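S.K.: requesting a structural model of the entry that follows:
(chains A and B)
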Amino acid sequence: MQTLEYLGHGLSVAVQWHNLLFAFIGVLIGTAVGVLPGIGPMSGVALLIPVTASMTAGLGPEQAAISSIILLAGVYYGAMYGGSTTSILLNTPGESSSVVTTLDGYQMARQGRAGAALAIAAIGSFAAGLVSLIGLIFLAGPLSELAIKFGPAEYFSLMVLGLAAVSGLAGKSMTKALIMTVFGLLLASIGIDNVSGVARFTYDNPYLYSGLEFLTIAVGLFALGEVFKTILEKEQTDGTLAKITRVMPTKQDLKDSAAPIARGSLLGFFIGVLPGAGATMASFFSYIMEKKLSKNRDKFGQGAIEGVAAPESANNAAAGGAMIPLLTLGIPGSGTTAILMGALIMYNVQPGPLLFQDHPQVAWGLIASMFIGNIMLLILNMPLVKVFAKIIETPPKYLIPLIVAISVFGVYAVQYTTFDLLLLIGCGVAGYFLAKNDYPLAPLVLGLVLGPMIENNMRRALTISNGDFMIFLHKPISAVFIAAAVLWLVVPMLLRLRGKKVLVNEEG
Amino acid sequence: MNKTFDRFASVAFLAIGTLFVIESRKISESAYGSNVGPDIFPMYLGVILVLLSLRLFYETFRYRTDGKAEKEKLDYKRFSVILGAAILYAYFLEDIGYVISTFLFLVIGFQTMQKGKLWVSAVISALFTLVVYFVFVEVLKGSLPGFPSWLGLS
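M.R.: You can find the predicted model right below:
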């Protein structure tokens, strides 16, 4: 089988010692990022892009791309796991996808079963990682072969669908989400137009010719935005840290959670593949599903191990599933995958159907490293749970200024301009105020990343059709995408009008 | 929800959208044989942004005013000190070099977050600064403005 051959090849890339090291650093930092309150997966990944860029500077271009994407993906799923630690021990979710875990996890900790809860979360995350990996292996090939046949019109419509899906589900107000999407697309149009070579909106400012740097904006909006939030709102974790006594779960615990882990992984994976619906929704839905399926429903909320196993598996599976549209179609379905995509583009690796042809090393190396990373997470987390619990106690007074310093260093080390540093701080302030007032930031970043590609495909399609916009509706596949995009925006709107509560996906 | 902020934001986005529409009309229409030039995309987006911000402005009148939203106490003093320090840090980084500027920024940052233990702050700042500088410049062969040239160290 060709797929297995590629996978074996990817595995040989992933077990090169420096890539093992990068995967290890990635999951380690990721777990820490997940545990630390105040930095979520998005800001963690954004913050580390420039750091990895300088770490991989000595490698060849493709090698550097593989190594850094392995590290960044490690941060992503490591953070998914780490977030559960604080949920269980402190009743404070480290990131939004672990909110549901607090319901039963903290209760378990109060009953002295914190160790079992953490272990089940680790085992569930590992199983989910495996499920999403298998899904990735089987879906990636066929999907990219299908997508390779798409012309510019189909691609344009597909990206519009991706943007619509993320905007439709992000935040409380769809108007605001759409504004952020369009604003991101507009920001992406600044700089020299790469089709005609005309400078747009640059006003003879040399810094603007190459466009606004994605990295600067992402680090500013997410990392600095959250720092400013912590400073202004004096976030304090005043819960008492639960003690961890016994780490290994009992046989009964394992038996109880086997089925929820399997169901949570599958559900989470498919939710993750859908654009717009991310880890938060996956964990939420799987919790509801387990509660419906369970024989003794009253146990939920009282420390049921199923209530930890299912959502924790689901959010990790969703993180894996979200890699599929990113790698095969080049369409990120969430804020974090948008940032990963920005990182890949920085290395001149364009995610999308051609990725598996042009850079099979990168694609399969990443997939194989996710498997290794998941094993590392399991090994790392079972014995080191107590060490990670200590990270929670890091005093924010040292953390906050250090994050600012790391952001400044990171941006300067890649961009070498004072202009970008000032833009970074400006984005931080804007990020804080926008997020505080329910303007979701993920669609903005998505627009910024997809902007150039959407525009190129639109212009190519319009050139073919001599400027006739109907080309997007005449092509059947493109018309289906456009229809789906419209539905994705209209259905939640109608539901809201009828007074139904629509579950929105928090940043993640 | 904050009505004032939303109104302000809608006006700002309206202005941004209008600006993009006006400015994109100045871009030369077509550079090559196509009739779809570099101006089309930003112009349409500008129009969409204008429409969306009008919609947002309209929505601000329909909020249910659910009593007085409780005033959060925001720590503006600490925020402005750190923000100011960060801007100065960014602005003077190239002039006074990475090592001195980072050290100063961190000490100010730590002390603003919590007063006291000056020497602990100084030690952590110095450690962070020197480790980052050493690893990046010496090990990874990156380039950072180290010390200002008038110190005559290099």
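S.K.: now do A:Arg496: how many residues are near it, please.
M.R.: Per other C-beta atoms under 10 Å in any protein chain shown, the neighbour tally for A:Arg496 reads 14. Every C-beta, even on glycine, is put in place using the N, C-alpha and C of the backbone.
S.K.: the one helix or strand it maps to near chain B anywhere?
M.R.: According to DSSP states H and E, A:Arg496 maps onto helix A:476-497. No - if you take C-beta under 8 Å from any C-beta of the partner chain as the test, helix A:476-497 misses chain B, and the best it gets is 11.8 Å.
S.K.: again with stretch A:39-59
M.R.: Yes - applying C-beta under 8 Å from any C-beta, one finds stretch A:39-59 touching chain B at A:Ser54, A:Met55, A:Ala57, A:Gly58.
S.K.: just the buried subset of the residues you listed, written out for PyMOL, thanks.
M.R.: In PyMOL, a selection of the buried entries from these looks like this (16 or more other C-beta atoms under 10 Å in any protein chain shown):
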select buried, chain A and resi 54+55
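S.K.: do you know how far A:Asn456 is from chain B?
M.R.: 9 Å (C-beta to the nearest C-beta, to the nearest Å).
S.K.: backbone dihedrals for the residue nearest to that residue when sequence neighbours are not counted, both of them.
M.R.: Distances taken as C-beta to C-beta, 6 or more residues apart in numbering or on different chains place A:Val195 nearest to A:Asn456, at 6.6 Å, with adjacent residues excluded. Per-residue torsions, A:Val195: phi -90, psi -50 (degrees, to the nearest 10).
S.K.: so for A:Val195, what's the pLDDT?
M.R.: pLDDT, A:Val195: 76.
S.K.: from what I can see B:Phe13 touches B:Leu54, true?
M.R.: No - using C-beta atoms under 8 Å, B:Phe13 makes no contact with B:Leu54, being 9.5 Å away.
S.K.: and the pLDDT at A:Leu402?
M.R.: Taking A:Leu402 on its own, its pLDDT is 89.
S.K.: within the helices and strands, which one has the closest residue to it other than its chain neighbours?
M.R.: Leaving aside its chain neighbours, A:Leu402 sits nearest to B:Phe128 (6.5 Å; criterion: C-beta to C-beta, 6+ apart). Take DSSP H and E as the rule and B:Phe128 turns out to sit in helix B:118-133.
S.K.: ok, and for that helix, which residues are buried?
M.R.: Applying 16+ other C-beta under 10 Å to helix B:118-133 flags B:Ser121, B:Ile124, B:Ser125, B:Phe128, B:Thr129, B:Val132, B:Tyr133 as buried.
S.K.: list just the nearest of the residues you listed to A:Asn457.
M.R.: B:Val132 (40.9 Å; C-beta to C-beta).
S.K.: quick check: the residue in chain B that chain A sits nearest to vs B:Trp119, distance?
M.R.: Proximity of chain B to chain A (C-beta to the nearest C-beta) peaks at B:Gly109, 2.7 Å away. Distance, B:Gly109 to B:Trp119, by C-beta to C-beta, to the nearest Å: 16 Å.
S.K.: quick check: the residue of the stretch 401-508 of chain A nearest chain B.
M.R.: A:Pro401 (2.7 Å).
S.K.: count the residues that sit near that residue.
M.R.: So A:Pro401, with other C-beta under 10 Å, has 28 neighbours.
S.K.: what do you get for A:Gly60?
M.R.: 9.
S.K.: could you do A:His474 as well?
M.R.: 11.
S.K.: ok, now the one 3 residues further on?
M.R.: Residues contacting A:Ile477 under the criterion other C-beta under 10 Å number 15.
S.K.: quick one: contacts for it?
M.R.: A:Phe150, A:Glu154, A:Ser157 (C-beta atoms under 8 Å, 6 or more residues apart in numbering or on different chains).
S.K.: equivalent analysis for A:Leu133, please.
M.R.: So A:Leu133 contacts A:Gly320, A:Ile367, A:Met370, A:Phe371, A:Asn374 (C-beta under 8 Å, 6+ apart).
S.K.: the nearest residue to A:Gly74 once chain neighbours are set aside: neighbour count?
M.R.: Leaving aside its chain neighbours, A:Gly74 sits nearest to A:Gly26 (2.2 Å; criterion: C-beta to C-beta, 6+ apart). Applying other C-beta under 10 Å, we find 30 other residues in the vicinity of A:Gly26.
S.K.: contact partners for A:Gly26?
M.R.: A:Ile70, A:Leu71, A:Leu72, A:Ala73, A:Gly74, A:Val75, A:Gly78, A:Gly373.
S.K.: distance check, the residue lying closest to A:Ala484 once chain neighbours are set aside against A:Leu354.
M.R.: Counting by C-beta to C-beta, 6+ apart, A:Ala484 lies nearest to A:Leu161, which is 5.4 Å off, once chain neighbours are set aside. Applying C-beta to C-beta, the value for A:Leu161 to A:Leu354 is 20 Å.
S.K.: between those two, who's got more neighbours?
M.R.: Set A:Leu161 next to A:Leu354 and count neighbours by other C-beta under 10 Å: A:Leu161 wins out with 23 against 13.
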